[in-house]
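Trainee: Sharing a sequence plus its predicted fold:
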Amino acid sequence: MKQLLKQWIFPPCAYKYLYKFVWIIKDFFKYSVKDFKKNIELKDIHLNKRCFIVGTGPSLKDHDLTLLKDEIVIGISGLFNHEDIDIIQPNYYVLAPIFEYHLKYNKEETYINWLKSMDDSLSDSVIMIVHIGDKPYIEQHDIFINKNIYWDKYILWGCEDIGEINMSKIPNINSVSETALSISLYLGFEKIYMLGFDHNWFEGLHIYFDTEKYNKHFETTGDESVKKFGFDSEFQMLRHAQIFKKYKELYRLKSNIYNANANENTYVDTFPKVKFKDLF
């Protein structure tokens, strides 16, 4: 039905706005405004400070992350598996939508166990940024009960200009890196350094700083996922184009974002490149 509307009944622009309208209406009845009220507490809370957003790419193996001990760190996804996580202890931890977006890839129990392992590994002082769609699962399974949680939500984004960042209206994503970067801008940091964002999925879908440890909770390998879900080169090219377009939009908002990736040959060219060690 969706394809019929898109290809035969509505012109492209009309379909886009119809789809956006339906999305807004569904969100209005699905989520409560009350869930996002306390987000304002985080607005510009770190003016004149710097932060490090730490991804999970293989280039992390070439970083001495113990240098981040006294820095403000924003972690994502499976960073909790890193051997230095007890030293880093991220101040913030950002998750992509887990259950609403990813249940077709793994069983619910898989993600529950993954999040509980994350909960055990992270300090209770960390501030969790979690998608509102995951709230029922988080509460039902008593995950992060000793941690401070702020909920975020996404809106449709058609590559138009981004005016400002609102945690309950983040332009929808292809990678959690976009969310983490958006959150760091919302927090008001003067300088933002990204490391471990290799975006090298063409070399293999699941390549991390410690692939075996990272994937121990999940059933499918990278090769199996490619075959089962169609994560082929065309999919990745489209995804990369949208991610880098978002990066450019976020950089346009505030040109204070730097790529501190240890991989000198990274093809992420949307931010000025700096050497990680020179920052200390």
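Mentor: In hand now; what should we look at? Keep in mind that what you see is a predicted model, and the values were worked out from it rather than measured.
Trainee: make it CA atoms for all contacts and neighbour counts henceforth
Mentor: Noted.
Trainee: Report the contact partners of residue 132.
Mentor: Going by CA atoms under 8 Å, 6 or more residues apart in numbering, residue 132 touches 31, 35, 151-153.
Trainee: Can you check what pLDDT the model gives it?
Mentor: With respect to pLDDT, residue 132 scores 95.
Trainee: Over to the one 4 residues further on?
Mentor: The predicted local distance difference test score for residue 136 is 95.
Trainee: got the phi/psi numbers for it?
Mentor: Per-residue torsions, residue 136: phi -60, psi -40 (degrees, to the nearest 10).
Trainee: Skip the chain neighbours and tell me the closest residue to the spatially most central residue of the chain.
Mentor: Centroid-nearest residue in the chain, with CA atoms, centre = their mean: residue 176, separated by 1.6 Å. The shortest distance from residue 176 to any residue other than its chain neighbours is 5.1 Å, reached at residue 96 (CA to CA, 6 or more residues apart in numbering).
Trainee: ok, back up a step: please type out the ChimeraX selection for whichever of the contacts of residue 132 turn out to be buried.
Mentor: Selection of the buried residues among those in ChimeraX, burial being defined by 16 or more other CA atoms under 10 Å:
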select :151,152,153
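Trainee: could I get the contacts of residue 132 as CSV with pLDDT?
Mentor: Shown next, in CSV, are the contacts of residue 132 (pLDDT from 0 to 100):
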residue, pLDDT
31, 74
35, 89
151, 97
152, 97
153, 94
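Trainee: Out of the contacts of residue 132, list just those in strands.
Mentor: Among the contacts of residue 132, the members found in strands (DSSP state E) are 151-152.
Trainee: with the contacts of residue 132 in mind, which one is nearest to residue 242?
Mentor: Among the contacts of residue 132, residue 153 lies closest to residue 242 (CA to CA), at 18.6 Å.
Trainee: ok, that closest one - contacts?
Mentor: Residues counted as contacts of residue 153 (CA under 8 Å, 6+ apart) are 131-133, 167-170.
Trainee: if I look at it, how far off is residue 31?
Mentor: 9 Å (CA to CA, to the nearest Å).
Trainee: State the distance spanning the first to the last residue of stretch 74-94.
Mentor: End-to-end for stretch 74-94, by CA to CA: 7 Å.
Trainee: same question, stretch 145-161
Mentor: Rule used - CA to CA; the end-to-end distance of stretch 145-161 is 37 Å.
Trainee: so where is this protein shaky, pLDDT-wise?
Mentor: The model of the chain has pLDDT under 70 over residues 1-30, 221-222.
Trainee: What segments of the stretch 101-250 of the chain are helices?
Mentor: For the stretch 101-250 of the chain, the helices defined by DSSP state H, counting those that start in this stretch occupy 108-121, 135-140, 176-186, 211-214, 222-229, 233-253.
Trainee: Nearest to residue 197 among those helices would be which one?
Mentor: Closest among the helices of the stretch 101-250 of the chain, using CA to CA: helix 176-186, at 7.6 Å.
Trainee: and that closest one, what does it pack onto?
Mentor: Judged by 3 or more CA pairs under 8 Å, 6 or more residues apart in numbering; DSSP states H and E, helix 176-186 is in contact with strand 50-54, strand 72-76, strand 92-94, helix 233-253.
Trainee: ok, residues contacting that helix?
Mentor: By CA under 8 Å, 6+ apart, helix 176-186 touches 42-44, 51, 53, 55, 74, 76-77, 94-96, 165-167, 170, 173, 192, 197, 243, 246-247, 250, 254.
Trainee: ok, of these, which come out buried?
Mentor: 43, 51, 53, 55, 74, 76-77, 94-96, 165-167, 170, 173, 192, 197, 243, 246-247, 250.
Trainee: hmm, back to that, Serialize the helices of the stretch 101-250 of the chain to CSV and add fields for distance to residue 101.
Mentor: Conversion of the helices of the stretch 101-250 of the chain to CSV gives the following (distance: least, CA to CA, whole Å):
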stretch, distance to residue 101
helix 108-121, 12
helix 135-140, 13
helix 176-186, 12
helix 211-214, 19
helix 222-229, 13
helix 233-253, 15
